[in-house]
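Undergrad: need coordinates for the below:
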Amino acid sequence: MKKKFAKFALVAFCLFLFVGCGISYYPVMNHNVSQTQVLLSQNNFRILGTVSGETTAQYVLGIGGLSSKAARENAVAEMFKNANLTGSQTIVNINVKSHIMCFYVFYMQVRYTATGMIIEYTD
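TA: The predicted structure follows:
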C-alpha cells in the first residue's frame with residue numbers, strides 16, 4: 001500500500017510541476033495610431049474585412065522582453081503591415097488583447113494581438 005501511495009504522490013508531484021495558468025485581458029481603449037481622421041456618420045464607406053497583428057514578450061524571473069507599451073505598439077505596427085492599405089483605405093476599431101501564460105514565477109509569456117477593421121471610402 002505504501003508503494004502505491006508513493007508512486008501516486010510522485011506522479012501527482014510531477015504533474016503539479018508542469019501545471020501553468022493563462023489569463024486573457026481585453027481592455028477597451030482608443031488606439032488612435034493612424035493619423036487619419038475617420039468620420040463614419042454617412043454611408044460613404046464599405047467594410048473590406050478585418051486584420052490582425054501579433055507580438056510576444058517573454059520574461060524569466062520577471063526579467064527580459066519588451067515593456068507592455070512597446071509590445072502593444074509592435075502588435076499594432078504588425079497589424080498595419082499585414083493590412084497592405086492602398087488609396088482611401090484605413091483601419092478603424094483597433095483593439096489590443098493580451099494573453100498571459102505563466103509557469104509559476106519562473107517563466108511568463110505575454111502575447112499581444114491587435115485587431116481592426118479595414119474600411120474603404122467610396123466617395
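Undergrad: following the helix or strand of the chain with the lowest mean pLDDT, which helix or strand comes up?
TA: Lowest on mean pLDDT, DSSP states H and E among the helices and strands of the chain sits strand 21-25, with a mean of 69. Once the chain leaves strand 21-25, the next helix or strand it forms, by DSSP states H and E, is strand 45-60.
Undergrad: mind listing the strands the helix or strand containing Val92 pairs with, and their directions?
TA: Val92 belongs to strand 89-103 when elements are defined using DSSP H and E. Sheet pairing of strand 89-103 (DSSP bridges) gives strand 21-25 (antiparallel), strand 107-121 (antiparallel).
Undergrad: buried deepest among those strands, which one?
TA: strand 107-121 (a mean of 19; mean count of other CB atoms under 10 Å). Placement of C-beta: from N, CA and C, glycine included.
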